[in-house]
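Colleague: The following comprises the amino acid sequence and a computationally predicted model.
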Amino acid sequence: MIKNFVLIILFVLFSCKDSISESLSDYQLQIQGKKFFSSEEIIKLKDKNILEQYKERELTTPYQGPIIDVHDHPNYKGRHKTKVEKIGPNGPDIVEIKNKLNVVHTIVMNTPGDYKAKKKRANSVKFAKQFDTVSALCRADIIGLKYKSLKSNFNTSKNKIERELNRINKHLRKGNCIGIGEVGAVHYNKHAKTILPGGKKKWSQQELLLDLNDKIITKLLELADQYYVPIVFHIEPFYILKKINRENEVLNFYKTNCKQYPNAKFVLAHLGHLSPESLGNLFEFCDNIYADFKLTHSWGLYWGGHDLNHPSDLDFKLHERWAIFFEKYPDKVMYGSDWKLGRKYSFDDFPYHLKKVRLMIGSLKSSVQKKIMHDNAIRIYSLSL
């Protein structure tokens, strides 16, 4: 009975009959909670999603080449057994899984929220040192610590700030990390946008909202400029629930600083959450601005990013406007999965996701595919592979 119900859901949610356009795997159906939706609910929910308005690029032959994943958040020590499902990849398993999938190199970094980890379980530099196929960015926990102090109405200890800056400086000087990030200066509660059946809500995703003119951000930019390295920014210009539109402010931030710090390489996480037009404007304005992109894989991401210009939705096809953009700026964008393998079981099925990624990338011009999936990362991050 359950199997028949799943088939009905798949038929309604994804009407394409082409075998290469298969929808969610049974595994993903289970972890995303799709079995709780009726076909009528799915149609109504899809009608509400801004992403659904965009024309899609039809699939052809999958991309078969090597991949460098420039934006990854694995669980470095394995799962917290009291909080999440115990069965799943841990530590070195994560690297082995990716290597088998022809992901020849991975750049790991802390998430914006990792500053809350008391014992620094998410230490990207320490993890990367163990593997030839992994590089790390210096964690930017200082952003979260500063926001926490402001929210709690007390000044961050000057000594703590200096220790964090000195740590980053030391790691960059020694070559332990190849950049700085993820600098999550503006990070809203995207989980609140997720629509679930029966009025259920997802757990809250904590906000991190630091003034873009904060001196801490300036200090990080100075270090990136000094060492000629990338600095990855996660800044969300929009938040539909509160009708927030900070696009002009965010664009001015990038335009001002890319000129002031010409040696730094600005990498806008997830296409900067900007439209192709706005991001293209930045690319034209500054030679040292780049972007990484991720592709939708879950119900939560589908809703959490529906106002943030994601390049795909649950149909597993690139939106045509972004396909055209990638082909116009083939030297500026890089694939960054934003995966969290091993952190929680909803990210276990990375092989399935990467299969879909290869299908979507294969719809682009052949001259573009390897650039955005491999070559650009080597050049922008100065990798020696």
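Modeller: Alright, I've got the coordinates.
Colleague: Let me know how buried Arg321 is, in neighbour terms.
Modeller: Neighbour count of Arg321, defined by other C-beta atoms under 10 Å: 16. Where C-beta positions appear, they are placed from N, C-alpha and C, glycine not excepted.
Colleague: where along the stretch 101-250 of the chain do the strands fall?
Modeller: 103-108, 134-136, 180-187, 208-209, 230-235, 238-239, 244-245 (DSSP state E, counting those that start in this stretch).
Colleague: which one of these lies closest to Lys371?
Modeller: strand 103-108 (14.8 Å; C-beta to C-beta).
Colleague: Need the residues that contact the closest one.
Modeller: Contacts of strand 103-108 with the rest of the structure, by C-beta atoms under 8 Å, 6 or more residues apart in numbering, involve 66-74, 76, 95, 98, 124, 127-128, 133-137, 178-179, 336, 354, 374, 377, 381, 383, 385.
Colleague: So what's the model's average confidence on that strand?
Modeller: Mean per-residue pLDDT for strand 103-108: 97.
Colleague: List the strands paired with that strand, with their directions.
Modeller: Paired strands of strand 103-108, with direction, are strand 67-72 (parallel), strand 134-136 (parallel) (DSSP bridges).
Colleague: Would you format these as a markdown table with mean neighbour count and mean pLDDT included?
Modeller: Below are the strands paired with strand 103-108 laid out as a markdown table (neighbours: other C-beta atoms under 10 Å; pLDDT from 0 to 100):
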| stretch | mean neighbour count | mean pLDDT |
| --- | --- | --- |
| strand 67-72 | 26 | 97 |
| strand 134-136 | 25 | 97 |
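Colleague: CSV for those strands, including distance to Tyr188?
Modeller: Converted to CSV, the strands paired with strand 103-108 look like this (distance: least, C-beta to C-beta, whole Å):
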stretch, distance to Tyr188
strand 67-72, 19
strand 134-136, 26
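Colleague: and of those strands, who's closest to His273?
Modeller: Within the strands paired with strand 103-108, the stretch nearest His273 is strand 67-72; the backing value is 13.5 Å (C-beta to C-beta).
Colleague: That closest one relative to strand 230-235, how many degrees between them?
Modeller: 60 degrees (axes from the mean of the first three to the mean of the last three C-alpha atoms, to 10 degrees).
Colleague: contact partners of strand 67-72?
Modeller: With C-beta under 8 Å, 6+ apart, strand 67-72 has contacts from 98, 101-109, 182, 232, 267, 269, 292, 294, 334-339, 341, 354, 373-374, 377-378, 381, 383.
Colleague: Out of the strands of the stretch 101-250 of the chain, which is closest to Ser366?
Modeller: Closest among the strands of the stretch 101-250 of the chain, using C-beta to C-beta: strand 103-108, at 19.2 Å.
Colleague: Could you check how far the residue nearest the centre of the chain is from Asp69?
Modeller: Centroid check for the chain by C-alpha atoms, centre = their mean gives Asp338 as the closest residue, at 3.4 Å. Going from Asp338 to Asp69 by C-beta to C-beta, to the nearest Å gives 9 Å.
Colleague: hang on, the earlier thing: possible to save the strands of the stretch 101-250 of the chain as a markdown table with distance to Leu172?
Modeller: Shown next, in a markdown table, are those (distance: least, C-beta to C-beta, whole Å):
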| stretch | distance to Leu172 |
| --- | --- |
| strand 103-108 | 15 |
| strand 134-136 | 11 |
| strand 180-187 | 8 |
| strand 208-209 | 23 |
| strand 230-235 | 11 |
| strand 238-239 | 32 |
| strand 244-245 | 34 |
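Colleague: Quick one, which of those gets closest to Leu282.
Modeller: strand 230-235 (11.4 Å).
Colleague: what's that closest one packed up against?
Modeller: Counting contacts by 3 or more C-beta pairs under 8 Å, 6 or more residues apart in numbering; DSSP states H and E, strand 230-235 packs against strand 180-187, helix 215-227, helix 247-260, strand 265-268.
Colleague: Pull out the buried positions in that strand.
Modeller: Buried positions in strand 230-235, judged by neighbour count with 16 or more other C-beta atoms under 10 Å: Pro230, Ile231, Val232, Phe233, His234, Ile235.
Colleague: I'd say Leu295 and Val357 touch.
Modeller: Yes. Using C-beta atoms under 8 Å, Leu295 is in contact with Val357, at 5.6 Å.
Colleague: Can you tell me which of the buried residues of strand 230-235 lies closest to His191?
Modeller: Closest to His191, out of all of these and judged by C-beta to C-beta, is His234, at 15.6 Å.
Colleague: Next up, the contacts around that closest one.
Modeller: By C-beta under 8 Å, 6+ apart, the contact list for His234 reads Pro112, Gly181, Glu182, Val183, Gly184, Ala185, Val186, His187, Ala269, His270.
Colleague: give me the number of residues near the last one?
Modeller: Neighbourhood size, His270 [other C-beta under 10 Å]: 22.
Colleague: who touches it in this structure?
Modeller: Going by C-beta under 8 Å, 6+ apart, the list of residues near His270 reads His234, Ala291, Asp292, Phe293, Lys294, Gly305, Leu308, His310, Gly336, Asp338.
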